[in-house]
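> Structure for this input, please:
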Amino acid sequence: MNYHLMVDDKFIDGFIEDSEKVSAGKNTYIIEGDRLTAKYVTHALITFVGSLEECLDNLKRQISARDQVFIHWLHYRLTDFILSLPAEIEIGLFFWGGEIVQDPPEIYKKENYEPLSLKYFDNNRQLRPKYLRVAGNPLNILRNLKRKKQYKAQLNEGLKLKYQVLSRLNYFLHWNPLDHDWIKKRVGHFNAVFEYHYYGIGLETDLPLARKLNQKTLVFWLGNSATISNNHLDALMLLSRFNKDEIKIICPLSYGDYDETNYTESVIKLGQEIFGSKFIAITQYMSRTEYYQLFEEVDVVVMYHNRTQAAGNSAAFLQMGKKLFMQESSTVYQLFKKNHANIFVNEDLRKMDFQSLKTPLAAAQIFDNQKILQSVLDTQKKMETLQSLLN
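So this is what the prediction gives:
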């Protein structure tokens, strides 16, 4: 049996459909929660459990060497379970991104966050120690140093456990080998085999046909979620040079960070301060079909992530022929560029004039991007991987 430890997310139903096509009846899909309150998942084959810890305890007692475990989002509550499994039980990770390259967030903050976003993170993160007032009590200086030391020890212990878990993996399932390389550089005993896979993002079924709109307003799309790693605050300041031009900025903020409500409010506040009614925030969840329909009016896409993120959105925009600007440090950017995609870096926005920005990609450039996507996101190759691993 293949045991899939999953989370309530918009990609899960599609994954179950794919895996059942190649290994029907050989999979158990486990999600903590219940069917009535699940936000995204609806598939009939999902096993909902009231307590993840109790479920994992039961699974440890019944699992055998013939079984496999697959993780869909590697969170800390799985640590003890993964490290307790006998070596003969193979474990695979379907890599998403944030659970590795942003966790613990304090460790990777200088890599992931641009200056304004880093400042927001430092002022709002929840786990930082509560320092004592020094005025009137000099001993509090020593107490604060002790708390800071304990906090750093806690972070390092969390990272150590994360590395132990990564070292236990047999398979790393993902579509971008550069993310596999990113982990190998940081985790000395990471020997998981790279296997090709990507979650379905609806390019074949849900994406509307690209069409040219006759519009005077230049429409930007900013980011993909209400996570600080989008670096919205820095991106908005960069785009502020166009605030007098005839533009509109669409910014999806319907899901995201642990403090997404406060962060969402901060992004909206700055966006409206700079752009007024030209800034439009999406704060309600939309179906993928509805979401993609918004893409039709977009001209320029700005993805300000330093880490791997927003790959599905970026691929959809490339497929539709949009101008895509990304961070050079992003492994998504690096893979697209390695395959000679016609994309841009965000630094170009500092010097590009408005008329150049409005000039669309040539038909040949769009065609090349679409061919590149077909090779980067290979449906047949993905299904072959599932066929091989799940049977």
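> Please determine how far the most centrally placed residue in the chain is located from residue 112.
With distances taken as C-alpha atoms, centre = their mean, the residue of the chain nearest its centroid is residue 309 (4.1 Å). As judged by C-beta to C-beta, to the nearest Å, residue 309 and residue 112 stand 9 Å apart. C-betas here are computed from N, CA, C, even on glycine.
> what touches both of these two?
Both residue 309 and residue 112 are contacted by residue 229, under the criterion C-beta atoms under 8 Å, 6 or more residues apart in numbering.
> Any stretches of the stretch 201-350 of the chain with poor pLDDT?
For the stretch 201-350 of the chain, applying pLDDT under 70 flags the ranges 205, 209-214, 257-261.
> can you map out the strands along it?
All strands of the stretch 201-350 of the chain, identified by DSSP state E, counting those that start in this stretch, fall at 218-222, 247-252, 279-282, 300-302, 323-326, 344-345.
> ok, now the stretch 1-150 of the chain?
Using DSSP E, counting those that start in this stretch, the strands of the stretch 1-150 of the chain run over residues 2-5, 27-32, 46-49, 68-72, 90-94.
> mean confidence for the second one?
Averaged across strand 27-32, pLDDT comes to 98.
> can you check stretch 11-18 too?
Taken as a whole, stretch 11-18 carries a mean pLDDT of 96.
> Offset the numbering so it begins at 22, please.
Renumbered: residue one is now 22, and that last one reads stretch 32-39.
> In space, what's closest to residue 70 - neighbours in sequence excluded?
Spatially, and ignoring its direct neighbours in sequence, residue 70 is nearest to residue 76 (4.2 Å; C-beta to C-beta, 6 or more residues apart in numbering).
> Equivalent analysis for residue 315, please.
residue 271 (6.5 Å).
> That neighbour is in contact with residue 299, isn't it?
No - counting by C-beta atoms under 8 Å, residue 271 stays clear of residue 299, with 10.1 Å between them.
> what's the span of stretch 111-120, first residue to last?
End-to-end span of stretch 111-120 (C-alpha to C-alpha, to the nearest Å): 20 Å.
> How about stretch 101-118?
Distance between the two ends of stretch 101-118: 21 Å, counting by C-alpha to C-alpha.
> just how off-centre is that stretch within its chain?
Here the centre of stretch 101-118 is set off from its chain's centre by 21 Å, with C-alpha atoms, centre = their mean, to the nearest Å.
> contacts for it?
Residues outside stretch 101-118 that contact it (C-beta under 8 Å, 6+ apart): 36, 77, 80-81, 84-86, 88-95, 185-187, 189-195, 200, 213, 216, 218, 220, 328-330, 410.
> which ones are touching residue 197?
Shown in contact with residue 197 (C-beta under 8 Å, 6+ apart): 329, 332, 352-353, 356.
> measure the residue nearest to residue 70 to residue 107 for me?
Using C-beta to C-beta, residue 76 is found at 19 Å from residue 107.
> Same drill for those two, tell me which one is more crowded.
Using other C-beta atoms under 10 Å as the criterion, residue 76 and residue 107 rank with residue 76 on top: 19 against 9.
> Isn't the more buried one up against residue 54?
No - counting by C-beta under 8 Å, residue 76 does not reach residue 54; the two are 11.4 Å apart.
> Which neighbours do these two have in common?
residue 70.
> What pLDDT does the model give residue 172?
81.
> Give me the helices and strands touching the helix or strand it falls within, please.
Assigned by DSSP states H and E, residue 172 belongs to helix 160-189. The contact analysis (3 or more C-beta pairs under 8 Å, 6 or more residues apart in numbering; DSSP states H and E) places helix 160-189 against helix 100-105, helix 126-133.
> do you know which of those lies nearest residue 47?
helix 100-105 (20.8 Å; C-beta to C-beta).
> Just the buried positions in that closest one, please.
100, 102-103 (16 or more other C-beta atoms under 10 Å).
> What are the buried residues along stretch 162-174?
Applying 16+ other C-beta under 10 Å to stretch 162-174 flags 165, 168 as buried.
> Ok, stretch 80-93 next?
By neighbour count with 16+ other C-beta under 10 Å, stretch 80-93 contains the buried residues 80, 84, 88-93.
> Same question for stretch 393-402.
Neighbour counts using 16+ other C-beta under 10 Å place 393-394, 397-398 of stretch 393-402 among the buried residues.
> can you name the two of those that are farthest apart?
So, the buried residues of stretch 393-402 by C-beta to C-beta: farthest apart are 393 and 398, at 9.5 Å.
> ok so, going back, including distance to residue 154, could the strands of the stretch 22-171 of the chain go into TSV?
As requested, these are exported to TSV (distance: least, C-beta to C-beta, whole Å):
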stretch	distance to residue 154
strand 23-26	44
strand 48-53	41
strand 67-70	45
strand 89-93	44
strand 111-115	44
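> Would you mind saying which of those strands lies nearest residue 161?
Nearest of those to residue 161, taken as C-beta to C-beta: strand 48-53 at 41.2 Å.
> What angle do strand 89-93 and the closest one make with each other?
Relative orientation of strand 48-53 versus strand 89-93 (axes from the mean of the first three to the mean of the last three C-alpha atoms, to 10 degrees): 40 degrees.
> who touches strand 48-53?
For strand 48-53, contacts defined as C-beta under 8 Å, 6+ apart pick out 22-29, 33, 37, 40-41, 59, 62, 64, 66-73, 76, 411.
> now that strand, how far from the centre of its chain.
In terms of C-alpha atoms, centre = their mean, the centre of strand 48-53 is set 21 Å apart from its chain centre.
> buried sites along that strand?
Going by 16+ other C-beta under 10 Å, strand 48-53 has these buried residues: 48, 50-53.
> in this protein, what residue sits furthest out from the centroid?
Largest separation from the mean C-alpha position in the chain: residue 157, at 46.2 Å (C-alpha atoms, centre = their mean).
> Good, we can wrap up now.
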